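J.: Sequence first, predicted model second:
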Amino acid sequence: MKMLAGNWKMNTTPQEGLALLDALVNGLTPERIGEVHLVVAPPFTHLWASVQRLWDFPEISVAAQNCHEQASGAYTGEVSLPMLKDLDVDAVLLGHSERRQYFGETDRQIASKLRAALNAEISPILCVGETLEERKSGREWEVVQHQLQVALADVSADEAHNVVVAYEPVWAIGTGEVASPEQAQEMHARIRTWLRERFDADTASIMALLYGGSVKPDNAAALFGQKDINGGLIGGASLKADDFLALLDALRSA
Ligand code: 13P
């Protein structure tokens, strides 16, 4: 499955977000979408309006950028999976490096959220990736493998079909320093092999593996052309409809 997901992060007001969605859908035709599954992840404040705006576009899913692992309770400021489900939200980003870095999310917490998302029938997009320091010391696979091991410890092969893994090297996020296609492919191949051993060959081939980190229209074709890269998780370039559409074109024809 090819997938292009836009993580808007803490950008756009609700009005700006809806204008961005309008610009996006105005540029879409069934031919342009092709076999690509599109996902947009606006901030919580515009999820409901986004779902409504996209009623007529079942090929575009709406994702939340985070969730709490409990269904309800005294967790001021948090948003639960039943709340998201009730809004018809399809997916949720989990373990984004910004959540890990700035909000102290641990692998165990991410595993609990992933479990809860699967129980709520909301598809998790699990983000993994190493820091620059970890890569410099040659530990990138050790780090990513550990993140996968903990997050997916409690997941069956059937459930894993609904999980998307996004490899986002922290050093490439928002920095303009993109992983080379070879670096990205090498990590994706390792993740695919690990998934095959952890689950089975069918599951590993069905699961979408996305690359994220400074993907732009001028570097997308080379990344998306790699064998184990099924698409992208896009930050900055998802905030400009023309750029996101250019990435869609690159992925569709990859
Ligand atoms: P950029 O595309 O802005 O580097 O962000 C990537 C990302 O973090 C997507 O989740």
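T.: Perfect, thanks for sending it.
J.: for the closest residue to Leu239 other than its chain neighbours, helix, strand, or coil?
T.: Distances taken as CB to CB, 6 or more residues apart in numbering put Asn11 closest to Leu239, at 5.7 Å, once the chain neighbours are dropped. Using the backbone N, CA and C atoms, a C-beta is placed for each residue, glycine as well. Three-state assignment for Asn11 (DSSP: H, G, I helix; E, B strand; the rest coil): coil.
J.: Please report how far Asn11 lies from the ligand.
T.: For Asn11, the distance to the ligand equals 10 Å [CB to the nearest ligand atom, to the nearest Å].
J.: which parts of this structure sit against the ligand?
T.: Residues of the chain lying close to the ligand by CB under 6 Å from any ligand atom are 7, 96, 168, 173-174, 212-215, 233-237.
J.: Out of these, which sit inside strands?
T.: Residues of the residues of the chain next to the ligand located in strands (DSSP state E): Asn7, Gly212, Leu233, Ile234.
J.: residue contacts, the third one?
T.: Spelled out, that is Leu233. For Leu233, the contact set (CB atoms under 8 Å, 6 or more residues apart in numbering) comprises Ala5, Asn7, Leu93, Ile125, Cys127, Ala166, Glu168, Leu210, Tyr211, Gly212.
J.: Specify the beta-bridge partners of it.
T.: According to DSSP bridges, the residues that bridge with Leu233 are Ala5, Gly212.
J.: go on, Ala166?
T.: Assessed by DSSP bridges, Ala166 has beta-bridge partners Cys127, Leu210.
J.: now for the residues of the chain next to the ligand, which pair is the farthest apart?
T.: The distance between the two most remote of the residues of the chain next to the ligand (CB to CB) is 16.3 Å, for His96 and Ala237.
J.: What number of residues are in the vicinity of the residue of the stretch 101-250 of the chain found nearest the ligand?
T.: Of all residues in the stretch 101-250 of the chain, Gly235 sits closest to the ligand, at 2.2 Å by CB to the nearest ligand atom. For Gly235, the neighbour count with other CB atoms under 10 Å is 22.
J.: Hmm, it is touching Ile173, no?
T.: Yes. Counting by CB atoms under 8 Å, Gly235 does reach Ile173; the two are 6.6 Å apart.
J.: which neighbours do the two share?
T.: Contacts common to Gly235 and Ile173, judged by CB under 8 Å, 6+ apart, are Gly212.
J.: Quick one: residues contacting the residue of the stretch 101-250 of the chain closest to the ligand.
T.: Applying CB under 8 Å, 6+ apart to Gly235 gives the contacts Asn7, Lys9, Ile173, Gly174, Gly212.
J.: returning to what we had before: have a look at His96 and Ala237 and say which one is more surrounded.
T.: Ranked by neighbour count (other CB under 10 Å), His96 and Ala237 place His96 first, with 28 against 19.
J.: What pLDDT is listed against the residue nearest to the more buried one when sequence neighbours are not counted?
T.: Nearest in space to His96, with sequence neighbours left out and distances taken as CB to CB, 6+ apart, is Cys127 at 4.6 Å. Cys127 is assigned a pLDDT of 98 by the prediction.
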